[in-house]
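1. Starting from these lines, generate the structure:
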Amino acid sequence: MRQHLRLALPLLSDLTSDTNIAFVLVGRDGRAARSGQLPLAELGAEAGALAVCAILHPDDAVVADITVPPVSNRRLGTAVAGSIEPMALSDVSQLCVAHSARAADGNVTVAWSARLPLVKAWALLAEAGLNIAAFIPQSLALPADDPAPAEPLGLPAGPRWLAPLPSWSLAQDELRPLSAKGQWRKPIYWSAAAVVVWAAGLNWYAAQLANEVESLQQGMQSTVVQAFPHIPVVIDPVRQAQRQLDAQRLAHGAAAEDDFMPLVLATAKVLDFAQSHVRGLHYDKGVLTLTLAEGYVPPGSEAVLAQAAAIHQLQLQKDEDRPHVWHVQRPALAQTKTRRP
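-> Numbering: from 1, shown residues only. Just a heads-up that it's a prediction; the model follows:
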């Protein structure tokens, strides 16, 4: 048995925040650990997070034993409601009905109480900070041999307070007040924590990408500065290199002994969609490798792109394993590699 608090409720119609309510704290050993009487408004501080079993006044609930034919568990509630309808003084829809499981002989213990007073009482108890786990009719909370089952529970605490309670009660989830639905708090807290962790991870990943982009841009700027040391400030490495090479070509007819800069400039003209998206540039043995950042718009037709490359004496090839990576070389170099055994 888990530790819990038992309350002896007055008539539900008389319950207010100032009503004095007798209580007994039942320990794990089933004995009374503490008892007393407090106004409802103060009981929340006394109970804390303990589960609270509220025992209804004898006049607030009816308990009966009925016989129900064999039905599925899904239809048992409907069968019980139909069985008690002749016994109830109110329409069944205005009642809160709960019942035990069906025994082998068809016997079912059923209890009912007026729905509206129970809902209002639950709201008052929840407002006081009480974690209501069960509403138990008094006759089901007393020892089987209790000599006065119609007499309300009272202090001092005795054996009448300590009988085993049924596993079912009139505390149905659809009647639970919004302020008492603590089962949503943990999911909300965990969802908020997950959002915080996700945002932190996203910021960290963005910072890593920013660092990588900055490193690549610095590498490209360093390459341009080495090739053209007279450039005071490098802002757009590819465009500035193209302008410098065009100027040197006009003046001298060539920019360097190898094909690096002519290859870069020709590639820039063919892959115009890659402007401002170059993350990496690598040149080795006549092959220029470009790594592009996401966000560029690829050409609509690869055939048109191949024709444009051929006009500038280039051969383009997308990397088969790495997305956004392009290899550019001269057709003559590609043919040489193909013929090599």
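2. Helices of the stretch 101-250 of the chain, start to end?
-> 115-127, 138-141, 185-227, 237-252 (DSSP state H, counting those that start in this stretch).
3. just checking, next helix/strand downstream of the last one?
-> Translated: helix 237-252. helix 260-270 (DSSP states H and E).
4. Just say helix, strand or coil for Leu7.
-> Judged by DSSP: H, G, I helix; E, B strand; the rest coil, the three-state class of Leu7 is strand.
5. Pick the most buried one from the helices of the stretch 101-250 of the chain.
-> helix 138-141 (a mean of 22; mean count of other Cβ atoms under 10 Å). Quick note: C-beta positions are derived from backbone N, CA and C, even for glycine.
6. Name the residues that touch it?
-> Identification of contacts with helix 138-141 by Cβ atoms under 8 Å, 6 or more residues apart in numbering yields 6, 53, 55-58, 61, 63, 109, 111, 149, 152-153, 163, 165-166.
7. Let me know which of the helices of the stretch 101-250 of the chain is the nearest to Met1.
-> helix 138-141 (13.8 Å; Cβ to Cβ).
8. That closest one: how far from the chain's middle?
-> 41 Å (Cα atoms, centre = their mean, to the nearest Å).
9. Then stretch 109-129?
-> Taking mean C-alpha positions (Cα atoms, centre = their mean), stretch 109-129 and its chain are 32 Å apart.
10. try stretch 308-321
-> On Cα atoms, centre = their mean, the centre of stretch 308-321 falls 47 Å from that of its chain.
11. which of the helices of the stretch 101-250 of the chain has the lowest average pLDDT?
-> Among the helices of the stretch 101-250 of the chain, helix 237-252 carries the lowest mean pLDDT, a mean of 68.
12. Check whether His282 sits in a helix, strand or coil.
-> strand.
13. got it, and Val24?
-> Applying three-state DSSP: Val24 is strand.
14. Give me the domain ranges for the protein.
-> Per automatic domain parsing, the structural domains of the chain span 4-180, 213-339.
15. Distance from the chain centre to the last one, please.
-> The one in question is domain 213-339. That offset, for domain 213-339, works out to 46 Å (Cα atoms, centre = their mean).
16. just stretch 159-171 next, same as before
-> 36 Å.
17. That one spans what distance, first to last residue?
-> 24 Å (Cα to Cα, to the nearest Å).
18. Now it: buried residues?
-> Arg160, Trp161, Leu162, Leu165, Trp168, Ser169, Leu170, Ala171 (16 or more other Cβ atoms under 10 Å).
19. which ones are touching the fourth one?
-> Meaning Leu165. Leu165 neighbours (Cβ under 8 Å, 6+ apart): Cys53, Ala134, Ile136, Leu140, Ala141.
20. Give me the neighbour count for the third one.
-> The reference is to Ile136. Each residue near Ile136 was counted by other Cβ atoms under 10 Å, and the total is 26.
21. any idea how far Pro152 is from it?
-> Distance, Ile136 to Pro152, using Cβ to Cβ, to the nearest Å: 13 Å.
22. and if you look at the fourth one?
-> Leu140 sits at a distance of 14 Å from Pro152 (criterion: Cβ to Cβ).
23. same thing with the last one?
-> Using Cβ to Cβ, one gets 11 Å for the distance from Ala141 to Pro152.
24. average pLDDT across stretch 164-175?
-> What stretch 164-175 shows for mean pLDDT is 94.
25. Please apply the same query to stretch 261-276.
-> If you average the pLDDT over stretch 261-276, you get 82.
26. Likewise for stretch 281-293?
-> For stretch 281-293, the per-residue pLDDT averages 87.
27. what's the answer for stretch 102-114, then?
-> So the average pLDDT for stretch 102-114 ends up being 95.
28. Contacts for it next, please.
-> Defining contact as Cβ under 8 Å, 6+ apart, one finds that stretch 102-114 is touched by 12, 56, 60-71, 76, 80, 83-84, 88, 90, 94-101, 135, 137, 140, 166, 170.
29. Mind checking which of the residues you listed are in strands?
-> Per DSSP state E, strands hold the following members of the contacts of stretch 102-114: 56, 62-67, 95-99, 135, 137.
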